[in-house]
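Chemist: Sequence first, then the predicted structure:
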Amino acid sequence: MNALKFEMRHGLNLLGCLTLSIGVRAWLVLSDRMPFNADEAVVALMAKHILRGERPIFFYGQAYMGSLDAWLVSLGFKAFGQEVWVIRLVQILLYIATMITTYWLAVRLFRTHRAAWATVWLMAIPPVNVVLYTTVSLGGYGEALLLGNLTVLWGLLLEEKFQSEKRGITWWEWIVLGVIAGFGVWVFGLTLIYTIPVFARLMWHQSRRMTSQDKSTLTSNQTPLATYSALWLREFVIPLFSTLSGMILGAFPWIFYGASHGLVTLFGELFGGAISGVESGSWLTQIGAHLINFLLLGIPVILGFRPPWEVQWLVLPLLPFSLFFWILMLRYYVRERERLTTTTFGVPLLYGVLLTGVFGFVLSPYGADPSGRYFLPLYIPLALLAGNFISHLSIQNKTGSVIVAVAVLTYHLGGVLQSAFRYPPGITTQFYAPARVDHRRMQELIDFLHASGEERGYTNYWVAYPLAFLSDERLIFIPRLPYHPDFRYTERDDRYPPYDDMVDQAQRVAYIVTHHPDLEHKLRQEFLILGVTWKETQIGDYHIFYDLSRVVKPEEMGLGRSWP
């Protein structure tokens, strides 16, 4: 009976945390505090096309970040209709699953429900960066977090076998690890932050086990060479081969694509090839810049001191208290490092995830983008460590630990609310100001274009795909215009070739420009040079050139090509 009451109490507590998390996100979505962005629109369009029979492997226009998110959204569209809120519902459900698996992780790591509850509360009301990227879709971040938790959970289960049963891991258990890892590589390479330390930790156990068995072999009068070869085969070759086999199976869509498009392209995209050209200077110079980005911009985002889209302190009066909490936590783990790494099961694995994430950011091209999305996986191990620290405080002073936890959660919630009520920009994925388009007048734009008979044309990436989805693909304006003030443009913005064909065949076209007076001036000049007449109007952030006397393509005006 007591056990039943215990389980019911914990079940109700978990339900309360999940309900709070859902409630905060539902309010943000329903009150329109999170702008609909172009990357999210691409996911939505992929989901629509999946329902029509298309089978994309990757996010349109790139060879990384698999299409799993679009497949899940397509199921949501089939059940509830093709609405923006359905995309967010899928992300919220993914985060709920992540919270539940984080709770399981805390129980297995720290063997106490106090730490698990503190952790899950920190997950229920996280910093604004986590709220943003687990509510709005960018193509795979929610799935990456969930797969990362599953990878760590499986790694802990296998590590338990070393600790309790003193026996090795079977070949099929290595295969399962490989399947999860390979599937994660296809879904989003960010999952390697979890996979690398888990695999390294397990192989460390394998090496220790092999060393101990090797010593016992040498003390017995057996043939050392034959026995050592058998040990090497069993402890290293079979695990590596099994894991690799599982990865090939899990990453089948990734490998299938690579067979026809080239693995070199896939690996280049996986390790940041898409953004590697945005920096200049030597590799060491870039690493130094990435390190500065992490220290000055990354850490404040991770801890919720600033939103990911701008450098502005959140809830400034409470910020010192939150900072003090994280400093105390760091001090606790530094002072207790020897005891925790030997007595607290799996804590070194959390350190490994954090270090892999930091080194991956600093050493790869992704370090050029300190906005916040690449730091997302770091919050879960931090929440686990913070939950355990709060549990430690509760042993000494229960009331004090509750006050500390409430203070941190209040700070997080205050940061979310402060960001939500500052609209524009709202809680946005757009950290680059020229790309931050206010879409609240999108329906007015749609009505105007319909009334003017302008259903095809050219715009930039941040308008093209939201316009296509929200108009049910009746208005197709392809992204051939630059949005950077210096006219930089990349053809990667143009992500869906069938749209190009539709615009190429159009009998009339219009142009939509946002936040770019110099481009507006250039278009006027080029139209005059070409002898074209036109009309123009402004609707919110959208400046529309329409009723052109003939079709004018961007290439005729020196636009629509990658530069520089």
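Modeler: Okay, I see it.
Chemist: where exactly do the strands run in this protein?
Modeler: Here the chain has its strands, by DSSP state E, at 456-459, 476-479, 510-514, 535-539, 542-546.
Chemist: So which elements touch the fourth one?
Modeler: In this case it means strand 535-539. With contacts taken as 3 or more C-beta pairs under 8 Å, 6 or more residues apart in numbering; DSSP states H and E, strand 535-539 sits against helix 442-452, strand 542-546. Where you see a C-beta, it was placed from the backbone N, CA and C, and this is true even at glycine.
Chemist: and what of the second one?
Modeler: Using 3+ C-beta pairs under 8 Å, 6+ apart as the contact criterion, the secondary-structure elements in contact with strand 476-479 are strand 456-459, helix 461-470, helix 497-504.
Chemist: Let me have the strands of the chain in JSON lines, extended by mean neighbour count, mean pLDDT and distance to residue 500.
Modeler: Output for the strands of the chain, formatted as JSON lines (neighbours: other C-beta atoms under 10 Å; pLDDT from 0 to 100; distance: least, C-beta to C-beta, whole Å):
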{"stretch": "strand 456-459", "mean neighbour count": "24", "mean pLDDT": "98", "distance to residue 500": "11"}
{"stretch": "strand 476-479", "mean neighbour count": "25", "mean pLDDT": "98", "distance to residue 500": "6"}
{"stretch": "strand 510-514", "mean neighbour count": "24", "mean pLDDT": "98", "distance to residue 500": "16"}
{"stretch": "strand 535-539", "mean neighbour count": "13", "mean pLDDT": "98", "distance to residue 500": "24"}
{"stretch": "strand 542-546", "mean neighbour count": "21", "mean pLDDT": "98", "distance to residue 500": "20"}
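Chemist: who are the neighbours in contact with the spatially most central residue of the chain?
Modeler: Of all residues in the chain, the one closest to the mean position by C-alpha atoms, centre = their mean is residue 141, 2.8 Å from it. Going by C-beta atoms under 8 Å, 6 or more residues apart in numbering, residue 141 touches 133, 134, 188, 190, 373, 376.
Chemist: do the same with residue 306
Modeler: 297, 300, 312, 313, 314.
Chemist: any idea which of those residues is the one closest to residue 347?
Modeler: Taking C-beta to C-beta as the measure, residue 347 lies nearest residue 300 of the contacts of residue 306, at 25.1 Å.
Chemist: And for that closest one, nearest residue in space, chain neighbours not counted?
Modeler: Using C-beta to C-beta, 6 or more residues apart in numbering and skipping residues adjacent in sequence, the residue nearest residue 300 is residue 306, 4.6 Å away.
Chemist: Okay, that neighbour and residue 30: tell me how far apart.
Modeler: Per C-beta to C-beta, to the nearest Å, residue 306 is found 26 Å from residue 30.
Chemist: repeat for residue 258
Modeler: 42 Å.
Chemist: the more surrounded of the two?
Modeler: Neighbour count, other C-beta atoms under 10 Å: between residue 258 and residue 30, residue 258 has more, with 17 against 10.
Chemist: Quick check: nearest residue in space to that one, chain neighbours excluded?
Modeler: What sits nearest to residue 258 in space, not counting adjacent residues and going by C-beta to C-beta, 6+ apart, is residue 266, at 4.5 Å.
Chemist: Kindly report the same for residue 424.
Modeler: residue 438 (5.1 Å).
Chemist: just to revisit the earlier point, can you read off the pLDDT for the residue nearest to residue 300?
Modeler: Residue 306 carries a pLDDT score of 96 in this model.
Chemist: same check, this time on residue 158
Modeler: Per-residue pLDDT puts residue 158 at 88.
Chemist: For burial, what's the neighbour tally of it?
Modeler: Number of residues near residue 158 (other C-beta under 10 Å) recorded here: 20.
Chemist: Quick one: neighbours of residue 337, just the number.
Modeler: Residue 337 has 13 nearby residues by other C-beta under 10 Å.
Chemist: In the protein, where is pLDDT below threshold?
Modeler: Low-confidence segments of the chain, defined by pLDDT under 70, span residues 1-7, 164-168, 210-233, 273-279, 341-345, 563-564.
Chemist: want to throw the contacts of residue 306 into JSON lines with distance to residue 26?
Modeler: Formatted as JSON lines, the contacts of residue 306 follow (distance: C-beta to C-beta, whole Å):
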{"residue": "297", "distance to residue 26": "30"}
{"residue": "300", "distance to residue 26": "27"}
{"residue": "312", "distance to residue 26": "26"}
{"residue": "313", "distance to residue 26": "27"}
{"residue": "314", "distance to residue 26": "22"}
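Chemist: From those residues, list just the buried residues.
Modeler: Among the contacts of residue 306, those buried by neighbour count (16 or more other C-beta atoms under 10 Å) are 297, 300, 314.
Chemist: Give me the subset of these lying in helices.
Modeler: residue 300 (DSSP state H).
Chemist: Which of the buried ones among the contacts of residue 306 sits closest to residue 486?
Modeler: Checking these one by one against residue 486 (C-beta to C-beta), the nearest turns out to be residue 297, at 22.5 Å.
Chemist: distance of the residue nearest to that closest one when sequence neighbours are not counted from residue 292?
Modeler: Excluding its sequence neighbours, the residue lying closest to residue 297 (C-beta to C-beta, 6+ apart) is residue 370, at 3.9 Å. According to C-beta to C-beta, residue 370 and residue 292 sit 9 Å apart.
Chemist: These two: which has the busier surroundings?
Modeler: Comparing residue 370 with residue 292 by other C-beta under 10 Å, the one with more neighbours is residue 370, at 25 against 14.
Chemist: Just to check, the more buried one is in contact with residue 289?
Modeler: No: counting by C-beta atoms under 8 Å, residue 370 does not reach residue 289; the two are 9.7 Å apart.
Chemist: list the contacts for the residue nearest to residue 315 when sequence neighbours are not counted?
Modeler: Nearest-residue entry for residue 315: residue 414, 3.9 Å, with adjacent residues in sequence omitted and distances by C-beta to C-beta, 6+ apart. The contact partners of residue 414, by C-beta under 8 Å, 6+ apart, come to 314, 315, 318.
Chemist: Tell me how many other residues surround the second one.
Modeler: This points to residue 315. With other C-beta under 10 Å as criterion, residue 315 counts 20.
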